[in-house]
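Trainee: sequence first, predicted coordinates after that:
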Amino acid sequence: MNPSTTPPKTEPVDEDMVEQANPGHGIPSQDPSAGAQVALSPEEAERKRLGLDKPIAAQFADYMVGLARFDLGNSLWTGQPVMKEIAIRFPVSLQVAIMATLIAILISVPLGILSAVYRDTWIDYVVRILAVSGLAIPSFWLGMLMIMALLAWKDWLPPIGYVSIFTDPVASLQTTLMPALSVGYRYAAIATRMMRSSLLEVLREDYIRTARAKGLFQSLVVRRHALRNALLPVVTVMPSSVTLVSGVTAEAGACSSRSRR
């Protein structure tokens, strides 16, 4: 072998390939068998505390067992158990959800009736624009606009914090009314479109034409005959908004860890 020949260069190791070959962690572990006991690095200690040093199947099994026991681990944000964080925030989310549902019903039912009765008129066009706007505008952005509008026009900001409605109803409404309005407007847009389409479908039925042929006024036909059947889809769907809005409490669970003591 010619000594002047340079040894071949080795290709650098791709860290992404190493991480894929060792699922659950991407940091190479130390080998204590090479000598004395080697202390764990902070990364390895944290990985072991979170259970990420186990195989993926074992991590999933631990998670499912904890889920069956309502043990969602500890929050990475506060360090407290996730179920405790959910219990703290659940009353707020439930109150906002109920208020948003009531606001959505109060807005959507009258607007849906007007849009269906005055179909293809300027009233229908205005209601449909409001409904499409409610679907397009994010609730959090609408809430910020409401706060900025109150600050610019009335030089007033809603109080920060939460007060139970059983302790002080006025203070509780001051803190939850604007979130309920911003969330309720979005669900009102969905319910308005549903109410309009449902009422238009009912107004084409034979018994509605029979009621009109008897000489009943349009208001009586809509109120006594059409509205009852048209409300069925809306009443069926609207309670689901309580579940959707209350799902905000799952945000605490998104920051959880499967910490094992």
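Mentor: Everything's here; your move.
Trainee: quick one, helices of the stretch 151-261 of the chain?
Mentor: Along the stretch 151-261 of the chain, counting by DSSP state H, counting those that start in this stretch, helices occupy 169-203, 206-213, 218-220, 227-237, 240-246, 250-254.
Trainee: deepest-packed of the ones you listed, please.
Mentor: Highest mean neighbour count among these (mean count of other C-beta atoms under 10 Å): helix 169-203, with a mean of 20. The way it works is simple: take the backbone N, C-alpha and C, and place the C-beta from them, glycine included.
Trainee: and the angle from that one to helix 227-237?
Mentor: 120 degrees (axes from the mean of the first three to the mean of the last three C-alpha atoms, to 10 degrees).
Trainee: follow-up on the earlier one: any chance of JSON lines for the helices of the stretch 151-261 of the chain, columns distance to residue 105?
Mentor: Shown next, in JSON lines, are the helices of the stretch 151-261 of the chain (distance: least, C-beta to C-beta, whole Å):
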{"stretch": "helix 169-203", "distance to residue 105": "7"}
{"stretch": "helix 206-213", "distance to residue 105": "24"}
{"stretch": "helix 218-220", "distance to residue 105": "21"}
{"stretch": "helix 227-237", "distance to residue 105": "8"}
{"stretch": "helix 240-246", "distance to residue 105": "10"}
{"stretch": "helix 250-254", "distance to residue 105": "25"}
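Trainee: okay, these in CSV with mean pLDDT and distance to residue 121 next?
Mentor: Formatted as CSV, those follow (pLDDT from 0 to 100; distance: least, C-beta to C-beta, whole Å):
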stretch, mean pLDDT, distance to residue 121
helix 169-203, 85, 13
helix 206-213, 82, 19
helix 218-220, 79, 14
helix 227-237, 82, 19
helix 240-246, 59, 29
helix 250-254, 37, 43
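Trainee: ok, which of those helices comes nearest residue 144?
Mentor: Comparing these against residue 144 with C-beta to C-beta, the closest turns out to be helix 169-203 (8.7 Å).
Trainee: what stretches of the protein score poorly on pLDDT?
Mentor: 1-38, 239-261 (pLDDT under 70).
Trainee: tell me where it has strands.
Mentor: 74-75, 256-257 (DSSP state E).
Trainee: quick one, what contacts residue 71?
Mentor: 81, 83 (C-beta atoms under 8 Å, 6 or more residues apart in numbering).
Trainee: what does residue 179 give?
Mentor: By C-beta under 8 Å, 6+ apart, the contact set of residue 179 is 96, 100, 143.
Trainee: okay, and which of those map to helices?
Mentor: 96, 100, 143 (DSSP state H).
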